[in-house]
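Chemist: I'll drop the sequence and a predicted model, then ask my questions.
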Amino acid sequence: MGTVLGAMRNVRWHELQHAYGSASQVPGVLSRIAWGDAPTSDEALSDLERWIGTPPVFDSTAATVPFLWELAATDTVRDRAGVLDLLATILATGNPEHPAWTRAAHDAVTAGRATAARLAATPEAQDAPHAPGAPGAPGAQAVRAQAVRTAAARLLAAIDRHHCPACPACPACPAPPPREA
């Protein structure tokens, strides 16, 4: 499996829950996002969004977020922009019945702020080059790179303005602006 997602084996997924039951399938889905072809990766990302990102968040959401950051930062992942969008969805959602799950998920997303900033600021010259004539070469690669920069910038803005009842003292989140009387 290499170093990408290597720490997944340290999570007790079978003890965690997502929207449809046990989170024991999450490692396989993350692997399909990391190494699957386009249809496989797209389906896996959609599954994961329904399982952990659809309101409300679950205990498995916080455990999954560090791996989503890892995928977002890995050039070979096909839909890094989709992964960043899922992180933004998680940050925007919560679980009023389990505020600790919400806080843990939001803390995990905000912990990746530096990665979002790096991805948002990556100049086009640093985008991974492709050999001429290679699948996904230059036009498609440039479009994907721009999509990553755009999604990262949106997520970065969401992190910077994040404030919710479950995260009153989020250290990575700025204080809300004072209200006028």
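Modeler: Received it, and whenever you're ready, just let me know what you need. Numbering: from 1, shown residues only.

Chemist: For the chain, just list every one of the helices.
Modeler: Using DSSP state H, the helices assigned to the chain run over residues 26-35, 38-48, 59-72, 80-92, 99-110, 113-121, 139-161.

Chemist: For the last one, list every residue counted as buried.
Modeler: Pointing back at helix 139-161 there. 141, 144-145, 147-149, 151-156, 158-159 (16 or more other C-beta atoms under 10 Å). Where C-beta positions appear, they are placed from N, C-alpha and C, glycine not excepted.

Chemist: Could you give the number of residues near Leu30?
Modeler: Counted with other C-beta atoms under 10 Å, the burial measure for Leu30 works out to 22 neighbours.

Chemist: Could you pull up the residues touching the residue nearest to it when sequence neighbours are not counted?
Modeler: Counting by C-beta to C-beta, 6 or more residues apart in numbering, the nearest residue to Leu30 once its immediate chain neighbours are dropped is Phe67, at 5.2 Å. Residues near Phe67 by C-beta atoms under 8 Å, 6 or more residues apart in numbering: Leu5, Ala7, Met8, Leu30.

Chemist: Out of the residues you listed, grab the one that's most surrounded.
Modeler: Per-residue neighbour counts (other C-beta under 10 Å) across these peak at Leu30, which has 22 neighbours.
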